[in-house]
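Student: Here is a sequence with its predicted model. Questions after.
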Amino acid sequence: MKSVDYKEAGVDITKADAFVERIKNLVPTTFNDQVLQGIGGFAAVYKLSEDRYLASCTDGVGTKLKLAQKLNKHHGIGIDLVAMCVNDLLCVGAKPLFFLDYMAFGKLDTKVSEELIAGMVDGCRQSGMALIGGETAEMPGVYQDGEYDLAGFSVGDLTPQEMFNDKNMSEGDVLIGIASSGFHSNGYSLLRTLVDDSETELQEQLLVPTKIYVETYSQLRKKFPQGFLGAAHMTGGGVENIPRMSENFDFNVNFWPAVTELAPVFKPILQRVDLSQEELFRTFNMGIGLTILVKKEVATEVLNHLHENRIKAWTLGDIKSGSGQLNMNVEWKLN
């Protein structure tokens, strides 16, 4: 099987990043004084009052949809849609409130749409969110029969004290990586080229839904209110999401778990990928779904708490004063 990189598979991360940079000067012309965080972060934050903020974000599931459509299994995709949104909300410090969806079909299939909604309901229950509305469109000529696309929209709230910032960060604070359930919902334009149609079991492993981290996150914030400093959802761009936590610190990644410690789908897939380490870690989450930053004084206790709750997690590194750079000090090998 010929190996291709993400760009050859049809996705140009560098081009997408450049697009975001270009629109950074255009979008803020719509802002008012209530916008506290806008484009470029995990979620937007809007000031409702002196003591209450709203956070919001939107996302989709990408070409993982194509795999679901091929196998005619759609429930997990609904969970994915919620997860890709709600995990972003956590990264600004918000508590999830409600969710809305948009579904577009070439021709409406009520069985498929009901499966998708059931998955969203499952994801919303895991997140403590209400699914309060949505829109369903039939678009023949845009989508073929049997094809659909999805978008999700989530809103959360937080107080000024709950919003993550770097004021309490200091050199030596610790990065902890929490395991993913698989590749989640990124990199599938490449992943789909690596699996043959006959490999049904492997395709089904690739359909395992994105893990929702709301319960784990909520427990940690309650148990370590001063020690939990930030979070990064490991989506498109992989490890390059970690420095989004602060532009005033550099992030040193000194360890990464071996492939045998990751979800079972990683080894057989990564054996087929002929990419450099840099490309691998930029394309996939590499087994980490959420990276959190904690005070060095509580890092061991946080890790013990996760392990006691049977949550796989590892100390990845630490931070130092800097300018938002990522320093990958890991030579990761598949074998």
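Tutor: Thanks, I have it. Numbers count the residues shown, from 1 in each chain.

Student: neighbours of Q325, just the number please.
Tutor: 12 (other CB atoms under 10 Å). Quick note: C-beta positions are derived from backbone N, CA and C, even for glycine.

Student: Nearest spatial neighbour of it, chain-adjacent residues omitted?
Tutor: D250 (4.5 Å; CB to CB, 6 or more residues apart in numbering).

Student: For that neighbour, what are phi and psi?
Tutor: phi -100, psi 150 (degrees, to the nearest 10).

Student: That one against M328, yeah?
Tutor: No: assessed by CB atoms under 8 Å, D250 is found out of contact with M328, at 11.4 Å.

Student: rewinding a little: looking at the residue nearest to Q325 now. What's its pLDDT?
Tutor: pLDDT recorded at D250 is 98.

Student: In contact with it: list those residues for me.
Tutor: P243, I319, K320, S321, G322, S323, G324, Q325, L326, N327 (CB atoms under 8 Å, 6 or more residues apart in numbering).

Student: what does I79 give?
Tutor: Neighbour list for I79: G119, M120, D122, G123, Q126, P209, T210, I212 [criterion: CB under 8 Å, 6+ apart].

Student: Let me know the next secondary structure element after the helix or strand containing the first one.
Tutor: Secondary structure here is read from DSSP states H and E; on that basis G119 sits in helix 110-127. Under the assignment DSSP H and E, the closest C-terminal helix or strand after helix 110-127 is strand 130-138.

Student: what's next to that following strand, contact-wise?
Tutor: 97-108, 113, 117, 120-121, 124.

Student: what angle separates it from helix 110-127?
Tutor: Orientation of strand 130-138 against helix 110-127 (axes from the mean of the first three to the mean of the last three CA atoms, to 10 degrees) gives an angle of 160 degrees.

Student: Quick check: buried residues in strand 130-138?
Tutor: L131, G134 (16 or more other CB atoms under 10 Å).

Student: what are the pairing partners of that strand, and which direction each?
Tutor: When pairing is defined by DSSP bridges, strand 130-138 lines up against strand 95-105 (parallel).

Student: Distance-wise, check A137 relative to E261.
Tutor: 43 Å (CB to CB, to the nearest Å).

Student: just to revisit the earlier point, can you give the distance from the helix holding G119 to the centre of its chain?
Tutor: 19 Å (CA atoms, centre = their mean, to the nearest Å).

Student: Please export the C-alpha coordinates of it as PDB.
Tutor: C-alpha atoms of helix 110-127 as PDB (Å, rounded to 0.1, in the frame of the first residue of the first chain):
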ATOM      1  CA  THR A 110     -34.500   9.300   8.600                       C
ATOM      2  CA  LYS A 111     -32.800   6.200   9.900                       C
ATOM      3  CA  VAL A 112     -29.400   7.700   9.500                       C
ATOM      4  CA  SER A 113     -30.500  11.100  10.900                       C
ATOM      5  CA  GLU A 114     -32.000   9.400  13.900                       C
ATOM      6  CA  GLU A 115     -28.800   7.500  14.500                       C
ATOM      7  CA  LEU A 116     -26.800  10.700  14.300                       C
ATOM      8  CA  ILE A 117     -29.100  12.500  16.700                       C
ATOM      9  CA  ALA A 118     -29.000   9.600  19.100                       C
ATOM     10  CA  GLY A 119     -25.200   9.900  19.100                       C
ATOM     11  CA  MET A 120     -25.400  13.600  19.800                       C
ATOM     12  CA  VAL A 121     -27.800  13.000  22.700                       C
ATOM     13  CA  ASP A 122     -25.300  10.400  24.100                       C
ATOM     14  CA  GLY A 123     -22.500  13.000  23.700                       C
ATOM     15  CA  CYS A 124     -24.500  15.700  25.300                       C
ATOM     16  CA  ARG A 125     -25.400  13.500  28.300                       C
ATOM     17  CA  GLN A 126     -21.800  12.700  28.800                       C
ATOM     18  CA  SER A 127     -21.100  16.500  28.700                       C
END
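
Student: what's that helix in contact with?
Tutor: Contacts of helix 110-127 (CB under 8 Å, 6+ apart): 74-83, 86, 96, 99, 101, 103, 105, 130-131, 136, 148, 150, 152, 209, 212, 214-215.

Student: ok, and for it, which residues are buried?
Tutor: For helix 110-127, by 16+ other CB under 10 Å, it's 112-113, 115-117, 119-124, 126-127.

Student: Was I right to think R282 contacts V239?
Tutor: Yes: using CB under 8 Å, R282 is in contact with V239, at 7.1 Å.

Student: Those two - which one has more neighbours?
Tutor: V239 (25 against 19).

Student: Next, format the buried residues of helix 110-127 as a markdown table and append pLDDT.
Tutor: Listed next are the buried residues of helix 110-127 as a markdown table, based on pLDDT from 0 to 100:
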| residue | pLDDT |
| --- | --- |
| V112 | 97 |
| S113 | 97 |
| E115 | 98 |
| L116 | 98 |
| I117 | 98 |
| G119 | 98 |
| M120 | 98 |
| V121 | 98 |
| D122 | 98 |
| G123 | 98 |
| C124 | 98 |
| Q126 | 98 |
| S127 | 98 |
